[in-house]
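Chemist: how would this look folded up:
(one chain, ligands or ions: 1)
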Amino acid sequence: MPTQSRDLALYLHIPFCTSKCGYCDFNSYEGLGHLADGYTDALLGELDLWAPATRDFTVRTVFFGGGTPSLTALEDMRAFTDRIRERYAVAPDAEWSLEANPGELTREHLEGLRATGINRLSIGVQSLHDDELTMLERGHNAARAIEAVRAARAAGFDNLNMDLIFGLIGQPLARWQDTLERALELSPEHLSCYALTVEPGTALYYQVAKGLLQEPDPDVVADHYEWTRKRLARAGYRQYELSNWARPGRECRHNLVYWHAEPYLGLGAGAHSFFTGRRFANIDAPNRYIEAITASLEERATSGTGTLRQIAGGETPDADTQRADAMILGLRLLEGVSSTEFAVRFGVTPDEAFPHAIAKHLATGLLTRVPPPHGDRLRLTPRGLLLSNEVFVDLLPDPPGDER
Ligand code: SF4
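Modeler: Residues are numbered from 1 along each chain as shown. A predicted model of the protein is given here:
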């Protein structure tokens with residue numbers, strides 16, 4: 001965990017989807033394709049607005065997330081990547097990731113993406129069973145997902161992630177095992193395996209609330225997770241985060257920036273940033289985001305200063321919040337949090353900052369210490385990986401009864 005970093009991660013949000021999946025609580029929309037051109041102009045404009053503030057930074061990672069970034073026309077992708085290279089100092093070995101749905105990944109589109117400099121694809125496969133994909137309201141079937149991965153290889157992508165979901169409602173372990181085994185046959189460099197969560201406000205949430213569907217059984221989900229950890233370890237993947245596994249050296253560098261609580265700048269509707277010590281987020285609604293950027297650019301053209309009107313709100317986290325963020329994000333990583341590095345960064349060790357939470361969860365067996373010489377780290381135990389929220393909630397600043 002470095003103390004000060006002039007490295008920067010850039011995130012660009014593409015909020016459009018062909019249809020809204022029932023479980024999805026991301027800032028994504030179906031039926032807004034007519035906004036795509038205006039949105040591209042706005043995102044290019046936002047890149048211009050931020051560029052002067054990033055002069056002292058080197059961009060190490062760029063991540064196009066969504067929504068469905070793979071819906072973006074190739075000429076717009078080229079415009080984004082060109083603009084980033086023109087206006088920002090980008091490291092020659094930067095990681096350029098793009099989230100993609102199998103439906104758009106034709107050979108031609110993939111070759112076009114590769115030509116823009118995108119060098120990592122994260123493919124939203126989710127399941128390799130058609131009935132499960134229908135239940136998740138995904139727009140592809142298993143055969144298309146497999147074809148998309150093969151086409152990505154043929155187009156020259158040598159750094160692929162597959163997103164998969166386990167613990168689906170009513171999913172027997174054997175079905176998840178089959179999905180993961182077939183995914184392993186495709187030899188991705190990286191796997192993100194998430195448990196299905198029923199997020200408030202989603203279509204799935206209302207179906208569960210009405211009793212039409214049952215929430216996934218936590219014991220079944222735990223069994224899927226445990227099996228996944230063992231199987232992927234046997235297959236040579238290193239688990240480096242609660243839900244992420246990689247071949248050695250193929251960890252997602254962009255997401256590591258978040259977990260190390262280092263600076264990132266999020267552009268686009270609803271994107272979040274942690275930059276120059278502030279946390280802030282853009283307006284969620286794409287049409288209002290476009291209006292705000294347009295007004296900022298007009299103001300800059302007439303008066304020379306451009307207020308960043310797209311920012312919906314933010315805060316400068318106080319010291320307690322910064323420590324809690326660093327601890328919670330850092331414990332998501334299997335390597336855990338180094339006491340020495342934490343002390344250099346915050347002036348106190350984790351034990352001094354969170355004496356009661358740490359003592360409690362060393363006692364519950366959810367946390368453990370990795371002693372020198374191998375480290376001076378605190379990390380989650382295997383049981384802690386399953387019950388991480390019980391630890392995280394005790395690290396939050398000022399919860400009722402907290403004695404810090
Ligand atoms: S494709 Fe992804 S972002 Fe779009 S609705 Fe489905 S889960 Fe959400």
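
Chemist: Let's verify the closest residue to Arg87 other than its chain neighbours: helix, strand, or coil?
Modeler: Nearest residue to Arg87, sequence neighbours excluded (CB to CB, 6 or more residues apart in numbering): Ala51, at 3.9 Å. Placement of C-beta: from N, CA and C, glycine included. Using DSSP: H, G, I helix; E, B strand; the rest coil, the structure places Ala51 in helix.

Chemist: Report the separation between Ala51 and Phe275.
Modeler: To Phe275, Ala51 is 13 Å away according to CB to CB, to the nearest Å.

Chemist: Please enumerate the shared neighbours of the two.
Modeler: Residues touching both Ala51 and Phe275 by CB atoms under 8 Å, 6 or more residues apart in numbering: none at all.

Chemist: what about these two, which has more around it?
Modeler: Between Ala51 and Phe275, Phe275 has the larger neighbour count (other CB atoms under 10 Å), namely 18 against 15.

Chemist: need the contact list for Gly117.
Modeler: Taking CB under 8 Å, 6+ apart, we find Gly117 in contact with Thr81, Arg85, Trp96.

Chemist: can you check Val220 too?
Modeler: Shown in contact with Val220 (CB under 8 Å, 6+ apart): Gly167, Gln171, Leu173.

Chemist: Let me know the secondary structure of the residue in the stretch 301-404 of the chain that the ligand sits nearest to.
Modeler: At 19.7 Å from the ligand, Ala312 is the closest residue in the stretch 301-404 of the chain, using CB to the nearest ligand atom. In three-state terms, and counting by three-state DSSP, Ala312 is strand.

Chemist: how far away is the nearest residue in space to it that is not next to it in sequence from the ligand?
Modeler: Closest residue in space to Ala312, ignoring its immediate chain neighbours: Ile283 at 4.7 Å, by CB to CB, 6+ apart. Distance, Ile283 to the ligand, using CB to the nearest ligand atom, to the nearest Å: 18 Å.

Chemist: And Ala51, by the same measure?
Modeler: With CB to the nearest ligand atom as the criterion, Ala51 and the ligand are 28 Å apart.

Chemist: In a helix, Arg240, correct?
Modeler: That one is not Arg; residue 240 is Tyr. No. Tyr240 is assigned strand when assessed by three-state DSSP, not a helix.

Chemist: residues in contact with it?
Modeler: Residues near Tyr240 by CB under 8 Å, 6+ apart: Ala246, Glu251, Leu333, Leu334, Glu335.

Chemist: tally of neighbours for Pro131?
Modeler: Small correction: residue 131 is Asp, not Pro. By other CB under 10 Å, the residues close to Asp131 number 12.

Chemist: Ala115 too?
Modeler: Neighbour number of Ala115 under other CB under 10 Å is 14.

Chemist: same deal with Arg182?
Modeler: Neighbours of Arg182 under the rule other CB under 10 Å: 16.

Chemist: do the same with Ala79
Modeler: For Ala79, using other CB under 10 Å, the count is 18.

Chemist: Which pLDDT value goes with it?
Modeler: Ala79 carries a pLDDT value of 98.

Chemist: from the contacts of Gly117, which ones fall inside strands?
Modeler: Taking DSSP state E as the definition of strands, the contacts of Gly117 contribute Trp96.

Chemist: could I get the contacts of Gly117 as TSV with neighbour count and distance to Tyr11?
Modeler: Below are these laid out as TSV (neighbours: other CB atoms under 10 Å; distance: CB to CB, whole Å):
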residue	neighbour count	distance to Tyr11
Thr81	21	14
Arg85	14	17
Trp96	22	12
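
Chemist: Out of the contacts of Gly117, the closest to the ligand would be?
Modeler: Nearest member of the contacts of Gly117 to the ligand, counting by CB to the nearest ligand atom, is Trp96, at 19.6 Å.

Chemist: Quick check, pLDDT for the closest one.
Modeler: Reading off the model, Trp96 has pLDDT 98.

Chemist: Following element in sequence after the one helix or strand Arg323 maps to, please.
Modeler: Assigned by DSSP states H and E, Arg323 belongs to helix 319-332. Per DSSP H and E, the first helix or strand lying C-terminal to helix 319-332 is strand 337-338.

Chemist: Flag every buried residue along the helix holding Arg323.
Modeler: Asp320, Gln322, Arg323, Ala324, Asp325, Ala326, Met327, Ile328, Leu329, Gly330, Leu331, Arg332 (16 or more other CB atoms under 10 Å).

Chemist: from these, which two are the most distant?
Modeler: Asp320 and Arg332 (19.2 Å; CB to CB).

Chemist: Buried only: go through the contacts of Tyr240 for me.
Modeler: Buried positions within the contacts of Tyr240, assessed by neighbour count (16+ other CB under 10 Å), are Ala246, Glu251, Leu333.

Chemist: Pull the number of nearby residues for Val393.
Modeler: Val393, neighbours per other CB under 10 Å, totals 11.

Chemist: From Ile328, how far out is it?
Modeler: From Val393 to Ile328 the distance is 9 Å (CB to CB).

Chemist: Let me see the contact set for the spatially most central residue of the chain.
Modeler: By CA atoms, centre = their mean, the chain has its centre lying nearest to Asn255, at 5.9 Å. Shown in contact with Asn255 (CB under 8 Å, 6+ apart): Phe63, Glu241, Asn244.

Chemist: Phe354 now?
Modeler: Taking CB under 8 Å, 6+ apart, we find Phe354 in contact with Arg323, Ala324, Met327, Asp394, Leu395, Arg404.

Chemist: do Arg278 as well
Modeler: Contacts of Arg278 (CB under 8 Å, 6+ apart): Gly314, Glu315, Thr316.

Chemist: Using JSON lines, lay out those residues together with distance to Leu113.
Modeler: Shown next, in JSON lines, are the contacts of Arg278 (distance: CB to CB, whole Å):
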{"residue": "Gly314", "distance to Leu113": "32"}
{"residue": "Glu315", "distance to Leu113": "36"}
{"residue": "Thr316", "distance to Leu113": "37"}
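
Chemist: between the residues you listed, which is nearest Glu215?
Modeler: The closest of the contacts of Arg278, once distances to Glu215 are taken by CB to CB, is Glu315, at 32.8 Å.
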